[in-house]
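> build me a model:
(one chain, ligands or ions: 1)
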Amino acid sequence: MVAPHLDTESMHEHVVIRRGVRSGLPIVVAVHSTALGQAIGGCRVAQYPHWRDGLTDALRLSAAMSDKCALAGLPNGGGKTVVALPPGRTLDTAARRAVLHDAGDAIAGLDGAYATGPDVGTGPDDMVTIAERTPHAFCRPVHAGGSGDSSGHTAVGVLAALHALCAERFGSADLSARSFAVLGLGRVGGHVLRMLADAGATLVAADIDEGRRMLADTAGAAWTSPQDCLTAAVDVLVPAALGGLLTPHTVPTLRCAAIAGPANNQLDTPATADLLHQHGILWAPDIIVSAGGIIHATAVELHRETSAQATARVHGIADTLTDILRTARATGSTPAAAARSRARHHIENGRR
Ligand SMILES: NC(=O)c1ccc[n+]([C@@H]2O[C@H](COP(=O)([O-])OP(=O)(O)OC[C@H]3O[C@@H](n4cnc5c(N)ncnc54)[C@H](O)[C@@H]3O)[C@@H](O)[C@H]2O)c1
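Numbers count the residues shown, from 1 in each chain. Got it, this is the predicted structure:
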C-alpha cells in the first residue's frame, strides 16, 4: 500500500505500510519531503509494543530528517524505514535476510524518491543485503569510496558543535577549561568521550552497560550512574544514548549550563525547549549536532566527494550552530524555534 499521510501539522509525501511477503513483519517507509531532493534516512530494525508505534516513530524521525538535511545545507529531504519487531522478537540470519529484502522491495517501489542507510539495529552489511533489491541503499565499502560506519563522523560533528556551544555560552571554545557529562558510551558517545579527553576536558560518564566502564576509565572520566550523570553539576551535558530524556520532569533536576549531544529527539515535546530556556540552560538542537554522519555519507555516497571534503563539511556544523544560537539570542527565541524556522524556510524555498 502506498498512501499519502494526512497529518496536517507535518504532511508526509508518501507512507508505505506493508506486511513483508517473505518475513510477515510490518515494514514502514516514510518519505517526509523531497522538496530539496531525494529523501534520505536510515533503516531502523527495533522492537515496538505495537507496529503502530513503529509507524509513529517513522513519521517523527523522517520529519526530523527533513529539518536535519535542510539545516545541514544538503540537497535532500527526510525519510525513514522502520521494521517493527514484536516485543521479544529477535531475527536469525535467514529471517533478517528476508525482512531486509522486504524492506528493499518497499524502498524500490518508491522509484528513487528515498534512499536508506544504517540506523539503530542495522549496519553496513545489512545495507548490502537491502541493495540486492534496490539501488537506493548506502552500501559502498569504504575502500570503494563509501562512507562506512557513521559514528566517527557523527562524533566529529558533535565536537565541532561543542566548540561552538562553549564559545557562545562561556565566551571561549577551549574545551580544556570545561567539564562535560557524557551520557551513553556507545558507538558515538565512546568516540566523543575519547575526543574530549584528548582535548583535556574534565569528564563524567555513564552507561547502563557496565561493560562500557573501561572506556570511561581509559579516558580518565569519573564513572557514575546514568541518573547522576544526567544531573551532574557540569558545564555541558552530552546526551549520547536514547532520545526523550529532556522532559518537564527531568529539566528542573539538571545542573548543567548547556546541552549538546548526538542523541536523536532529546526533547519529549517541542515545549520542553521553552522550559530549558526558562531554566537558563542553552540547548543545542540535536538535528544540528547529530548531522555529521549523514553529512559525510551523502557527500561521499551521493555526491562522490572525497572523505576529506566530506569531513570539512562536517566541521561546518560549528558555523551552523553558531548562527542558530546567535539568531535565537537576537530574536529572543529558543535555539529550537530558530532551527525549526530556518529549516522550514529552506524547505519552502526549495519547494518553489
Ligand atoms: N551512530 C550515528 O552515526 C548516529 C547519528 C546520528 C544520531 N545518532 C544518535 O546518537 C545516539 C547514540 O547512537 P549510537 O550509534 O552511539 O548508539 P549505540 O547503540 O552504539 O549506543 C548507545 C549507548 O547508550 C547506552 N544506553 C542506552 N540507554 C541508556 C540509558 N538510559 N542511560 C545510559 N546509557 C544508555 C547503551 O548501552 C549504548 O552503549 C542515538 O540516539 C542515535 O540515534 C547516532
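
> mind checking pLDDT for the closest residue to Val251 other than its chain neighbours?
Excluding the flanking residues, the one nearest Val251 by Cβ to Cβ, 6 or more residues apart in numbering is Leu275, at 4.9 Å. Just so you know, the C-beta spots here come from the backbone N, C-alpha and C atoms, and that holds for glycine as well. pLDDT recorded at Leu275 is 98.

> give me the secondary structure label for Leu275.
Following DSSP: H, G, I helix; E, B strand; the rest coil, the label given to Leu275 is helix.

> does it touch Thr250 like I think?
No: taking contacts as Cβ atoms under 8 Å, Leu275 lies outside contact range of Thr250: 9.8 Å.

> burial check on the residue lying closest to Phe180 once chain neighbours are set aside, number of neighbours?
Sequence neighbours aside, Val236 is the residue nearest to Phe180 in space, at 4.9 Å (criterion: Cβ to Cβ, 6+ apart). Per other Cβ atoms under 10 Å, the neighbour tally for Val236 reads 26.

> show me the beta-bridge partners of Val236.
Phe180, Ala258 (DSSP bridges).

> my guess is Ala263 meets Pro285, correct?
No: between Ala263 and Pro285 there is no contact under Cβ under 8 Å: 11.9 Å.

> the more surrounded of the two?
A count of neighbours by other Cβ under 10 Å puts Pro285 above the other of Ala263 and Pro285, at 31 against 22.

> element containing the closest residue to that one other than its chain neighbours, please.
Closest residue to Pro285 apart from its sequence neighbours, by Cβ to Cβ, 6+ apart: Ala339 at 4.2 Å. Taking DSSP states H and E as the definition, Ala339 sits inside helix 335-351.

> name the helices or strands packed onto that helix?
If contacts are counted by 3 or more Cβ pairs under 8 Å, 6 or more residues apart in numbering; DSSP states H and E, helix 335-351 sits against helix 51-71, helix 272-278, strand 282-283, helix 286-289, helix 317-331.

> and that helix, what's buried?
Pro335, Ala336, Ala337, Ala338, Ala339, Arg340, Arg342, Ala343, His346, Ile347 (16 or more other Cβ atoms under 10 Å).

> quick check, the fourth one in contact with Ile324.
Just to be clear, that refers to Ala338. Yes: assessed by Cβ under 8 Å, Ala338 is found in contact with Ile324 at 5.0 Å.

> just confirm Leu110 is within a helix.
No: Leu110 is assigned coil when assessed by three-state DSSP, not a helix.

> burial count for it?
So Leu110, with other Cβ under 10 Å, has 21 neighbours.

> thanks a lot, see you next time.
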